[in-house]
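J.: here's a sequence, model it:
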Amino acid sequence: MERHIQAPVNEEEWNTLRAGDSVYITGTIYTARDAAHKRMQEALEKGMPLPVELKGTILYYMGPSPAREGKAIGSAGPTTASRMDKYTPALLDLGLKGMIGKGKRSKEVREAIVRNGAVYFAAIGGAGALLSKAILKSEVIAYDDLGTEAIRRLEVKEFPVIVVIDREGNDLYEQVMAGTIPFGMS
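T.: Purely as a prediction, here's the structure:
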């Protein structure tokens, strides 16, 4: 099913997302990759506040290339999500509602997704130039010293993703591999 949602998350709308849905996100999302996740974990361990309010937010696992003149951002393709798995359950428990990446997630992340009513989306790997067209504005808001791994606030319009793991733990990758959903027919 094709869906259009607003970010930050509207709970009523969010609760209807299902594995296999094609979703177009409009609003504010944030970027964070490995180094930013590590820093956020260190801040939590020290009892310090995080640089972004996670409640209701979506994190995009992405490190952009430099923007060309007149563009908000350079190529903006997804990073392999499993690299953030050791940090993700704690962030979900703090209210993170969605993540965008590529690839499979661990059992612990899936359990945290279900426990917190969150969703894992996939963006198409290798399509960074195309995905960047849905990004209207990009602003570094934390960890500037990390360069492309800094946390950015993105304003997006009709950013295309697919629900891979929904709030009930249904996993599109597993469903396709098991043959319960024919590839490309969700």
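
J.: show me where this protein has its helices.
T.: Along the chain, the stretches classed as helices by DSSP state H are 11-14, 34-45, 88-93, 107-116, 128-132, 172-178.

J.: among these, which is nearest residue 60?
T.: helix 128-132 (9.3 Å; Cβ to Cβ). In short, each C-beta sits where N, CA and C put it, glycine included.

J.: give me the low-pLDDT residue ranges for this structure?
T.: Along the chain, segments meeting pLDDT under 70 span 181-186.

J.: so what's the residue nearest to residue 24 when sequence neighbours are not counted up against?
T.: Among residues not flanking residue 24 along the chain, residue 158 sits closest, at 4.3 Å (Cβ to Cβ, 6 or more residues apart in numbering). Taking Cβ atoms under 8 Å, 6 or more residues apart in numbering as the criterion, residue 158 is in contact with 4, 24, 25, 26, 134.

J.: between those, which is nearest residue 127?
T.: residue 134 (10.6 Å).

J.: hang on, residue 66 packs against residue 76?
T.: No - assessed by Cβ atoms under 8 Å, residue 66 is found out of contact with residue 76, at 11.2 Å.

J.: okay, these two: which has more neighbours?
T.: residue 76 (28 against 9; other Cβ atoms under 10 Å).

J.: the more buried one contacts residue 62, correct?
T.: Yes - the criterion here is Cβ under 8 Å, and residue 76 meets it with residue 62 at 5.5 Å.

J.: give me the contacts around stretch 28-48.
T.: 7-8, 49-52, 57-64, 79, 83-84, 87-88, 90-91, 100, 141-143, 146, 148-156, 159.

J.: returning to that earlier point: widest-spaced pair of the contacts of residue 158?
T.: The widest separation within the contacts of residue 158 (Cβ to Cβ) is 12.3 Å, between 4 and 134.

J.: which one's more surrounded, those two?
T.: residue 134 (21 against 11).

J.: ok, and the closest non-adjacent residue to the more buried one?
T.: Nearest one to residue 134, counting by Cβ to Cβ, 6+ apart, is residue 159 at 4.2 Å.

J.: can you give me the strands for the chain?
T.: 2-7, 22-31, 58-60, 98-101, 119-122, 135-142, 151-165 (DSSP state E).

J.: buried stuff in the last one?
T.: What that stands for is strand 151-165. Neighbour-count burial for strand 151-165, counted by 16 or more other Cβ atoms under 10 Å, picks out 151-156, 159-165.

J.: which pair of the residues you listed spans the longest distance?
T.: 155 and 165 (25.5 Å).

J.: what sits against the closest residue to residue 148 other than its chain neighbours?
T.: Leaving aside its sequence neighbours, residue 148 sits nearest to residue 63 (Cβ to Cβ, 6+ apart; 3.7 Å). For residue 63, the contact set (Cβ under 8 Å, 6+ apart) comprises 31, 33, 79, 148, 149.
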